[in-house]
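S.K.: here is my input, please return the structure:
(2 chains)
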Amino acid sequence: MNPSDNMALNMPAPATSNPAHERLPDEPTDRELVEQCQRGRLDVYEHLVQRYRQRIFALAFSMLRNEQDAVEVAQDTFVRAWQNLGKFRSESSVYTWLYRITTNLCIDRARRRDRRPEVALTDDAPEPVAATPGPAAEAQHRELGRQIDAALAELSPEHRAVIQLREFEGLDYAEIAQAVGCNIGTVMSRLFYARKHLQKILKETI
Amino acid sequence: MSHPKPEWLAAWADGELRGWRRWLVERHTQNCPACAAECRHQRHVRELLRQHQRPVTMREPPEFFWAQVRAEIERRETVPAPVPADSRYPLQLATVLAAIIVVVGWIWVAGPPRQDRAQGPVPAARPGLAVVETVNTPIPNTAATVLPAEEPHIAVVWISGLPWTRDMDEMMTVYADLES
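M.R.: Model prediction:
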């Protein structure tokens, strides 16, 4: 048996209880998981899926603003990633590769949806857990969050993607460029104009 | 005063600008209140977004999500892969080209005889019946068939492709080279 197979067999159960799905020190790295998956280990692939499930969903939701669409895109992302794992090369990281698949799927879906005007764009985000103290501050915080959400909804999916990847996922410009399939200059431009647009919409607030 | 590209201001505010561009923006914003204000606005919106981000969470249980992904993977692996869109068009193109070649070939073979065909090599006749050769003259579109004659010193030559004339002298004059 291949020594690396032992590693996969001794792996703990997928970290489904870890809300952030960050890799714990005793967990295998993405690259180790990918090597196993490239040998056809679908059971190992579950670890990768659970590790990135929430982030992929968050990116898809930020682009599509619809929970059901985001879930479907997240599922499709992992199905396609499995089908194309043989083509994955280690020049890029796994998550930028997954983000790339997700953004492409979201853009396709958004275009299809734009051609079907009868389908309403519902902004039905799962309600976040409030973390601010005091009822007044909480209400103010929630109202500002609602305004920011409304402002974000006015951006194009491409602009929302760079905002999501930069502000919420914390990717640097080079990683964003890889994830959305454009050059760094385009990332700079999209970020600038997205923030400019948000600033314009939220002018009274800020 | 020329301003740097606006997107450089965002990149500088994010600490993502490198090299001479960074130096340029740093230097410029020290003397340009408008660009300095733009950088502040970029930072402000960035902080606002980070403070008020809504951590959306998938409501589907992880096990259920994985079960759906796995089922879809297994379903797609049992269904024959569809022909990729990229390869469908070459197939159609090849079919059309093949059809065109067949039609053109059929017209070429079964179409009306053309005068210039006489210039090409004439099919060899059966041995003993005729000797066929192309006449080496400046007259275009002619071919000659040398037929066997009873007298050994006489050659019967059938020339095709010559324009019709009633005047044999004129023909002999114009096509004198034929004698050779």
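
S.K.: please make it C-alpha for all contacts and neighbour counts, starting now.
M.R.: Will do.

S.K.: which residue does chain B have closest to chain A?
M.R.: Nearest residue of chain B to chain A: residue B:7, at 4.9 Å (CA to the nearest CA).

S.K.: host element of that residue?
M.R.: helix B:6-13 (DSSP states H and E).

S.K.: for residue A:61, same thing?
M.R.: Using DSSP H and E, residue A:61 sits within helix A:42-64.

S.K.: pLDDT of that helix, averaged?
M.R.: Regarding helix A:42-64, the rounded mean pLDDT is 92.

S.K.: show me what it is packed against.
M.R.: Helix A:42-64 sits against helix A:30-38, helix A:67-83, helix A:94-114, helix A:157-163, helix B:62-78, with contacts defined as 3 or more CA pairs under 8 Å, 6 or more residues apart in numbering or on different chains; DSSP states H and E.

S.K.: now do that helix against helix A:67-83, angle only.
M.R.: Orientation of helix A:42-64 against helix A:67-83 (axes from the mean of the first three to the mean of the last three CA atoms, to 10 degrees) gives an angle of 140 degrees.

S.K.: tell me the most buried of the helices and strands packed on helix A:42-64?
M.R.: Comparing the helices and strands packed on helix A:42-64 by mean neighbour count (mean count of other CA atoms under 10 Å in any protein chain shown), helix A:157-163 comes out on top with a mean of 24.

S.K.: which residues touch that one?
M.R.: Contact with helix A:157-163 is made by A:59, A:62-64, A:103, A:106-107, A:110, A:152, A:176, A:180, A:187, A:190-191, A:194, as judged by CA atoms under 8 Å, 6 or more residues apart in numbering or on different chains.

S.K.: which one of those residues is nearest chain B?
M.R.: Using CA to the nearest CA, residue A:191 is the member of the contacts of helix A:157-163 that lies nearest chain B, at 7.1 Å.

S.K.: which positions in chain B make contact with chain A?
M.R.: Residues of chain B that fall close to chain A, judged by CA under 8 Å from any CA of the partner chain: B:6-11, B:16, B:41-42, B:45-46, B:49-50, B:52-59, B:62-63, B:65-66, B:68-70, B:72-73.

S.K.: could you redo the last one with a cut-off of 6 Å?
M.R.: Counting by CA under 6 Å from any CA of the partner chain, chain B comes close to chain A at B:7, B:10, B:50, B:52, B:54, B:56, B:69, B:73.
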